[in-house]
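> Starting from these lines, generate the structure:
(chains A and B)
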Amino acid sequence: MTSGHFQPEAATNESSSLTLEVAGQKESTPLRIPVLIQNLSMGGVTLTVTNPWGIANWDRYRGQECVLRMEEPGGQEDVNIKAQIVWTKFGGTGQPALSLGLQLVKPPEAALRQLNNLLTHTSQDIKGLWDRYDQVQKMPGPTPLVHHCYIAGLVLLVGGLVLQFTGSPAYKICGWVLWLLGTLGIAGKIIRPFWQKPVSSDQIGKTL
Amino acid sequence: MPTSLNRTKLWSIGGGKGGIGKSLVTLGLGVALARLGKKVILIDGDLGGANLHTLMGVRYPHVTLEHFLTKKVTRLEDTIIESAVEGIGLICGADDLMGAANPTFAQKIRLLRQIEELPAQYVLFDQGAGTSFNTLDFFNFSGGKIALFTSQTTSLQNAYGFIKSALYRKLSRDFAKDDEVLQLLYQGGEGGTGNNFSTIQDLLDHFKEAKPEKHARLTQALWDFHLFLVVNMVKSNADLKAPEIINSVCRDFLNIQPDIMGHVLFDAGIEAAIGQMVPFPLHQKKSKAMVGLDQIALRLVKHSRLPRVAWQGVREASEEEALPLDAIITHPSGS
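Residues are numbered from 1 along each chain as shown, chains lettered A, B, ... in the order given. Now for the predicted structure:
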């Protein structure tokens, strides 16, 4: 039994604040409104506007482009994520006053991680599970180069063997070279995992 | 340091999610153990939707757990159906019977007592999907606990949920009379409670200085919850990371260190075997899935024999002592 604690790479920064900036349609100045993050999904984010009453008609912002701004304390550079408002919804009793659904436009991975860390109601262990899952997904698999070398190796091996057994003496030398190169290409793919360091579950938690 | 020489006879296969192959893995493990010359009994613990018998080619089981639970059959042993595989007996689950799907406290006690008396070296208990108290209680009662899952995100989530539920169920039983522990246990991980118990380690740290006796009991309870992980339907090397993810989350948030017992490769031939109602290990000469199951069976035998070193010298129950069923199984109404 170990007592290791999960240490996320990007520590939760509860003092970061989120602002939604929507370009005005008739207004000259863009609308800037403080928001809270409610949920995060692949490419989407749900926000809560706690005090939406200053704006009469939220529906008109549907489909509009906007910027979700994460203002970092301590003079760090703000993070801006381009998005589009997909839906707006007023909540009932006991629900947030207004919820907004945003589709993020090519969000940087680091920004998504920071948004993820702003989710306050998330159960820490479930967050830990998904963080580890994401980490494993990012681990390098077989690279395309290795795969291409393997395919080329197969082709060369077969071609070389055909030349060696059916060709004239001059082609036989060429065939020998081809199947030697092909064998090296195939061997490269077979041997590669042996010099790759296996990742253990200890590393999965600690390297996050 | 004292050790227990008890052989682990009862192994449960659970995992929370449906469709991850619990019944197939139970069947495959049973066949692998039988091939090792062991006498095995498989119990279909899915009391609402039993189908292990179908996978074994038994269409119309003449006797099931339902007969035992409703006392139409007195001895559990009399519900064993000899299967097509030598060395394997089968106890079929109850199908679509409300009473059997939700056994009473007395029924559970009677069942668990008689499982221990079954004439087999290994009893494999195929648990139903979900995290009902019955499933968790049967899982926790078993000496060998196997959490099965696939590399799918939904399965990972459900497997962790299942493990966490089983552990919390055990702790809530062990500390049933300790309101302080229970309160802290269930507040942990919930936002806005004012407490920072997001891990079991936080709870241990909380008690370490102030209440060392509770710390010791909690540590012992966590040590007792020994778990094995098996990943099923493996299609690529990336899928083998799934048990490492679960292991890592369990270690960091639940303070338990499950053993990764092995993996079972995806085998397209299994579907054909199910369609023909032939036990899949008998369907093909060399099933891809059986390679992994053979290895897991060897590890299961090894772990069954291994004496577990008792935690900090705490005495473990000897073979002659009665099983503490009443301490483990709870009355549904009290749940």
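
> So which residues lie in contact with stretch A:42-49, not counting its own?
When contacts are defined by Cβ atoms under 8 Å, 6 or more residues apart in numbering or on different chains, stretch A:42-49 is touched by residues A:18, A:20, A:33-40, A:68, A:83, A:86, A:96-104, A:107, A:115. Every C-beta, even on glycine, is put in place using the N, C-alpha and C of the backbone.

> run the last query once more with 10 Å
A:18, A:20, A:33-40, A:55, A:58, A:68, A:81, A:83, A:85-91, A:95-107, A:112, A:115, A:119 (Cβ atoms under 10 Å, 6 or more residues apart in numbering or on different chains).

> Just the buried residues from those residues, in ChimeraX please.
In ChimeraX, this line selects whichever of the contacts of stretch A:42-49 come out buried by 16 or more other Cβ atoms under 10 Å in any protein chain shown:
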select /A:18,20,33,35,37,38,40,68,81,83,85,88,96,98,99,100,101,102,104,107,112,115,119
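
> so what's the residue most central in space within chain A scoring on pLDDT?
Relative to the mean C-alpha position of chain A, the nearest C-alpha, by Cα atoms, centre = their mean, is the one of A:E109, at 5.0 Å. For A:E109, the model assigns a pLDDT of 84.

> Which ones among the contacts of stretch A:42-49 lie within helices?
Cross-referencing the contacts of stretch A:42-49 against helices under DSSP state H gives A:L112, A:L115.

> Point out where chain A drops to low pLDDT.
A:1-15, A:24-28, A:74-75, A:94-96, A:121-122, A:140-144, A:167, A:193-208 (pLDDT under 70).

> how about a cut-off of 50?
Counting by pLDDT under 50, chain A has low-confidence residues at A:1-13, A:207-208.

> In terms of residue numbering, what are the domains of it?
Following automatic domain parsing, chain A resolves into domains at A:17-128, A:144-206.

> Quick one: the helices in the stretch 151-300 of chain B, in order.
In the stretch 151-300 of chain B, the helices defined using DSSP state H, counting those that start in this stretch lie at B:153-174, B:179-187, B:200-210, B:212-224, B:242-249, B:269-275, B:280-283, B:288-305.

> again, but for chain A
Taking DSSP H as the criterion, chain A carries its helices at A:109-118, A:124-138, A:144-166, A:169-195, A:201-206.

> which one of the ones you listed lies closest to B:G49?
B:G49 sits nearest to helix A:124-138 of all the helices of chain A, at 27.5 Å, using Cβ to Cβ.

> If we go by neighbour counts, what in that closest one is buried?
Buried residues in helix A:124-138, counting neighbours by 16+ other Cβ under 10 Å, are found at A:Q124, A:D125, A:I126, A:K127, A:G128, A:L129, A:W130, A:D131, A:R132, A:Y133, A:Q135, A:V136.

> quick check, stretch B:214-232 touching chain A?
Yes. Using Cβ under 10 Å from any Cβ of the partner chain, stretch B:214-232 reaches chain A at B:T219, B:L222, B:W223, B:F225, B:L229.

> Might you report the residue contacts of the last one?
Put plainly, it is B:L229. A:201, B:15, B:145-149, B:159, B:163, B:242-244, B:246-247, B:250, B:258-263.

> pLDDT below threshold where in chain B?
For chain B, applying pLDDT under 50 flags the ranges B:1-5, B:189-193, B:311-335.

> about what we covered before: most neighbours out of the residues of stretch B:214-232 next to chain A, which is it?
Highest neighbour count within the residues of stretch B:214-232 next to chain A: B:L229, with 25 neighbours (other Cβ atoms under 10 Å in any protein chain shown).

> ok, the nearest residue to that residue once chain neighbours are set aside - contacts?
Leaving out its chain neighbours, the residue that sits closest to B:L229 by Cβ to Cβ, 6 or more residues apart in numbering or on different chains is B:P243, at 4.3 Å. Going by Cβ under 10 Å, 6+ apart, B:P243 touches A:201, B:147, B:149, B:151, B:156, B:159, B:228-231, B:234, B:258-263.
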